[in-house]
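In: What follows is a protein structure lacking sequence information:
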């Protein structure tokens with residue numbers, strides 16, 4: 001079966017063309033030796049079947065990152081390359097085209113978004129373009145499917161181009177001259193979408209708009225995710241699935257090591273999906289009943305923001321602030337995802353360019369970004385003591401996020417590269433493409449994350465069954481009492497937090513804690529370690545060594561924060577003043593200290609000068 005590789009710049013519609021050509025039967029694969037994903041499917045024509053690979057978007061075949069290395073390697077192994085070109089940005093896109101023409105592989109150009117180019121007053125002479133380049137050029141509108149039949153028909157007429165290699169300046173000169181001969185631009189008035197995209201990048205209007213977009217996205221995820229969670233719980237887990245597990249438990253006589261591992265401990269003779277701790281009870285419930293509902297809504301919202309063209313604008317608006325923490329603007333995506341569930345947030349961090357960025361992003365997310373379930377319990381339980389105590393919890397997490405980012409940025413070798421991204425125009429997303437993207441992402445999550453989530457819960461369950469967790473509880477009681485000012489019984493709560501942080505927060509209630517102790521417990525539980533599901537996914541994404549380093553940072557940060565809160569809260573500084581002070585310091589410190597990455601870049605420029 002011959003391979004077709006879709007190659008092109010980011011945001012040119014490759015994924016939409018891929019979905020139209022292959023339908024819903026697709027697979028998401030990690031490229032060998034990396035965590036970079038590409039999508040593959042099958043195209044069946046009247047005469048032949050093809051394997052279609054959607055390569056990661058790249059601006060050049062001279063790779064500067066793992067993503068570009070994968071794209072370049074896939075092109076080398078292709079039997080046919082379909083170069084998807086954005087008709088509204090012809091000059092930028094044709095740079096990659098000239099590189100593809102120098103490779104020994106048959107080439108077809110899909111001139112995509114030709115309708116949008118017309119709306120913008122861009123006229124392209126397709127026949128002249130085809131004649132100048134010497135390869136088939138097919139105008140397409142991926143969203144509607146226009147031109148795709150011609151694209152498939154042209155697979156038999158793809159041709160190799162024997163073209164001499166050009167230097168980068170010569171390549172740009174060639175592309176500029178070519179565009180001047182085949183493209184004409186006529187005057188037109190700005191559309192409302194263009195006015196909106198200008199406002200999105202203006203700091204005076206862009207920052208309030210970013211806040212509004214994130215607020216609405218967060219509200220949608222919370223509302224719809226909670227509805228799906230309750231639906232799954234009421235009609236699936238507490239219905240036919242519980243009946244099935246009760247029957248299985250009775251078949252095992254309700255006891256035995258295998259029963260404890262699969263079903264867990266019965267609570268008052270019944271199955272409690274949160275507390276039974278079995279692989280088939282708590283394990284399946286955590287993944288499908290808790291994580292998946294919020295994850296599905298997050299992916300839906302994320303897909304809309306991606307295809308509309310807003311995410312690059314959000315990244316630009318926060319890039320300067322994120323750079324001070326050793327990250328660039330795109331790191332805001334894992335942080336936003338983390339407020340729904342830390343698992344997809346850890347998966348999203350794989351899109352960052354360097355190992356250093358992934359380490360910083362995953363660590364900050366796991367330490368200072370509580371998931372939605374934990375967030376709801378913190379608001380409900382700590383909020384009973386007054387808004388000032390709730391403010392201390394969130395101010396403390398924000399302070400930890402900022403200070404920890406500043407510290408890691410200075411301690412960890414390397415620097416964060418500048419964010420150079422294309423900002424695409426706003427577009428109205430296709431519903432069909434959104435549904436296909438959502439299905440692919442959920443399928444990818446279930447395939448890749450399930451073994452790690454269930455495996456992590458299995459290990460914890462075995463430790464509980466063997467009594468090792470109880471032994472650890474007795475061992476760490478003096479530390480919890482002395483440093484954090486919490487009762488000894490809180491040790492078991494911290495250990496439970498490794499499995500489910502939200503359940504651990506709820507377990508603080510029967511301990512009869514004061515407002516100060518509740519704040520300390522909530523902050524420590526949020527910061528000290530990711531839940532088992534997030535932990536196992538982070539091990540997969542970061543590797544064992546980096547995950548160990550990250551875990552040490554998490555534990556040290558959590559207990560340091562708990563100790564300082566125990567020392568300062570109420571006894572020295574009232575809660576409201578402490579919260580205000582932490583927020584003020586979080587804003588002032590990055591301005592005073594700057595970024596080591598920025599200083600290294602300035603130093604490099606000085607050396608060049």
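Out: On my side now, so go ahead. Everything quoted here is computed from the prediction, not taken from an experiment. Numbers count the residues shown, from 1 in each chain.

In: Would you confirm that residue 57 belongs to a helix?
Out: No - per DSSP: H, G, I helix; E, B strand; the rest coil, residue 57 lies outside any helix segment and is coil.

In: Residue 10 is in contact with that one, correct?
Out: Yes - with contacts counted by C-beta atoms under 8 Å, residue 57 reaches residue 10, the gap being 3.2 Å. In short, each C-beta sits where N, CA and C put it, glycine included.

In: Between these two, which is the more surrounded one?
Out: residue 57 (20 against 15; other C-beta atoms under 10 Å).

In: which residues touch that one?
Out: 8-12, 14, 67, 71 (C-beta atoms under 8 Å, 6 or more residues apart in numbering).

In: any idea how far residue 481 is from it?
Out: Spatial separation of residue 57 from residue 481 under the definition C-beta to C-beta, to the nearest Å is 54 Å.

In: now residue 56
Out: Look at residue 56 and residue 481: by C-beta to C-beta, they are 51 Å apart.

In: okay, these two: which has more neighbours?
Out: For residue 56 versus residue 481, neighbours defined as other C-beta under 10 Å are more numerous around residue 56 (22 against 14).

In: Can you tell me the closest non-neighbouring residue to that one?
Out: Ranked by C-beta to C-beta, 6 or more residues apart in numbering and with sequence neighbours excluded, the top spatial neighbour of residue 56 is residue 67, at 4.5 Å.

In: Now the one you found: which helix or strand?
Out: Taking DSSP states H and E as the definition, one finds residue 67 inside helix 66-76.

In: hang on, the earlier thing: could I get the pLDDT score of the residue nearest to residue 56?
Out: We note a pLDDT of 74 for residue 67 in this prediction.

In: That one contacts residue 59, doesn't it?
Out: No - counting by C-beta under 8 Å, residue 67 does not reach residue 59; the two are 10.5 Å apart.

In: out of the two, which sits in the busier spot?
Out: More crowded of residue 67 and residue 59, by other C-beta under 10 Å: residue 67, with 22 against 19.

In: Against residue 9, how distant is the more buried one?
Out: Between residue 67 and residue 9 the computed distance is 12 Å (C-beta to C-beta).

In: list the buried ones in stretch 377-389?
Out: Residues 377-378, 381-382, 385, 388-389 are the ones in stretch 377-389 that count as buried (16 or more other C-beta atoms under 10 Å).

In: Of those, which belong to strands?
Out: Secondary structure assignment by DSSP state E places none of the buried residues of stretch 377-389 in strands.

In: where along this protein do the strands fall?
Out: If you assign secondary structure with DSSP E, the strands in the chain sit at 2-8, 26-30, 37-44, 49-54, 80-86, 107-112, 122-124, 137-139, 183-185.

In: what's the closest of the buried residues of stretch 377-389 to residue 116?
Out: Proximity of those to residue 116, judged by C-beta to C-beta, is greatest for residue 378, which lies at 45.2 Å.

In: Can you report how many residues neighbour the residue nearest to the closest one when sequence neighbours are not counted?
Out: Distance criterion C-beta to C-beta, 6+ apart; nearest residue to residue 378, sequence neighbours excluded, is residue 522 at 5.1 Å. When neighbours are counted by other C-beta under 10 Å, residue 522 registers 30.

In: got it, and the one 4 residues further on?
Out: Counted with other C-beta under 10 Å, the neighbours of residue 526 add up to 28.

In: quick one: it and residue 371, what's the gap?
Out: With distances defined as C-beta to C-beta, the gap from residue 526 to residue 371 amounts to 9 Å.

In: Quickly list what's touching both of these two.
Out: Both residue 526 and residue 371 are in contact with residue 501, where contact means C-beta under 8 Å, 6+ apart.

In: Show the pLDDT at residue 110.
Out: 94.

In: what about stretch 91-109, how long is it end to end?
Out: Using C-alpha to C-alpha, to the nearest Å, the end-to-end distance of stretch 91-109 comes to 14 Å.

In: Residue 140 contacts residue 114, correct?
Out: Yes - taking C-beta under 8 Å as the contact criterion, residue 140 and residue 114 are neighbours in contact, 6.7 Å apart.

In: Please enumerate the shared neighbours of those two.
Out: Residues touching both residue 140 and residue 114 comprise residue 147, with contact defined as C-beta under 8 Å, 6+ apart.

In: With neighbour numbers in mind, choose between those two.
Out: Between residue 140 and residue 114, counted using other C-beta under 10 Å, residue 140 has the larger neighbour count: 28 against 21.

In: Residue 370 and residue 317: what is the separation?
Out: Applying C-beta to C-beta, one obtains 24 Å for the distance of residue 370 from residue 317.

In: Report the central residue of the chain.
Out: The centroid of the chain falls nearest to residue 348 when counting by C-alpha atoms, centre = their mean (2.1 Å).

In: check contacts around the closest residue to that one other than its chain neighbours.
Out: Spatial nearest neighbour of residue 348, chain neighbours left out: residue 334 (4.6 Å); criterion: C-beta to C-beta, 6+ apart. For residue 334, the contacting residues are 345-346, 348-349, 352, 361-362, 365, by C-beta under 8 Å, 6+ apart.
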